[in-house]
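# show me the folded form of this:
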Amino acid sequence: MVGSNPLVLKYDQKVKSVVLRGFLYADSVIGIKYGPDDLRAYKGNQPAFCTKTGEEWGMKSFWSAPLSIDPKQVDAVLGRDENGLASAWVKKFNPAVGSGFVQIWAGENDRDLSFITRVAEYGLK
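Presented below is the predicted three-dimensional model:
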């Protein structure tokens, strides 16, 4: 997943728009606790930096993003925000190398998006 987790957004078919954020839904679907069920879960748009594991996966070196989580919730931390929370991460549901639910971030000013392919192909031979 590149960008905000769609599990925190609720879409209204009538008005054809996102009408509500439900931060607790991600917990029931993928076991990720973003925080309280209000905008505090966003935690602001924080600067984040690639970890050694993130480098191995092919991540870019830095970005800024909301929705960082406690690193204990995930199996691999690809990047940490300035507060030490996991900004980019992998939550495994299968033991296969490179598999899992992956959260990474691409910004609107990113000119080189090749890191997305590198992360997506991590573990493939």
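# give the pairing partners of the lowest-mean-pLDDT helix or strand in the chain; include direction for each.
Ranked by mean pLDDT, DSSP states H and E, the weakest helix or strand in the chain is strand 17-21, scoring a mean of 78. If you go by DSSP bridges, strand 17-21 pairs up with strand 9-12 (antiparallel).
# residue contacts, I104?
Contacts for I104 (Cβ atoms under 8 Å, 6 or more residues apart in numbering) come out as M1, V2, M59, L78, G79, A88, F115, I116, V119. (Glycine included, C-beta is placed from N, CA and C.)
# so of those residues, which ones are in helices?
Here DSSP state H is the test, and those give F115, I116, V119 as lying in helices.
# from K91, how far out is the nearest residue to the first one once chain neighbours are set aside?
If the residues on either side of it in the chain are set aside, F115 comes closest to K60, at 4.5 Å by Cβ to Cβ, 6 or more residues apart in numbering. In this structure, K60 lies at 20 Å from K91, with Cβ to Cβ, to the nearest Å as the measure.
# which one of those two has more residues nearby?
Each of K60 and K91 has its neighbours counted (other Cβ atoms under 10 Å); K60 has more, 23 against 17.
# could you check how far that one is from G54?
9 Å.
# give me the beta-bridge partners of the spatially most central residue of the chain?
Among the residues of the chain, the one closest to the centroid is Q103, at 2.7 Å (Cα atoms, centre = their mean). Following DSSP bridges, Q103 is listed with bridge partners W89.
# surely it touches A88?
Yes. Proximity of Q103 to A88 meets the contact threshold set by Cβ atoms under 8 Å, at 5.9 Å.
# pull out the buried positions in the least confident helix or strand of the chain.
Within strand 17-21, the residues that count as buried by 16 or more other Cβ atoms under 10 Å are R21.
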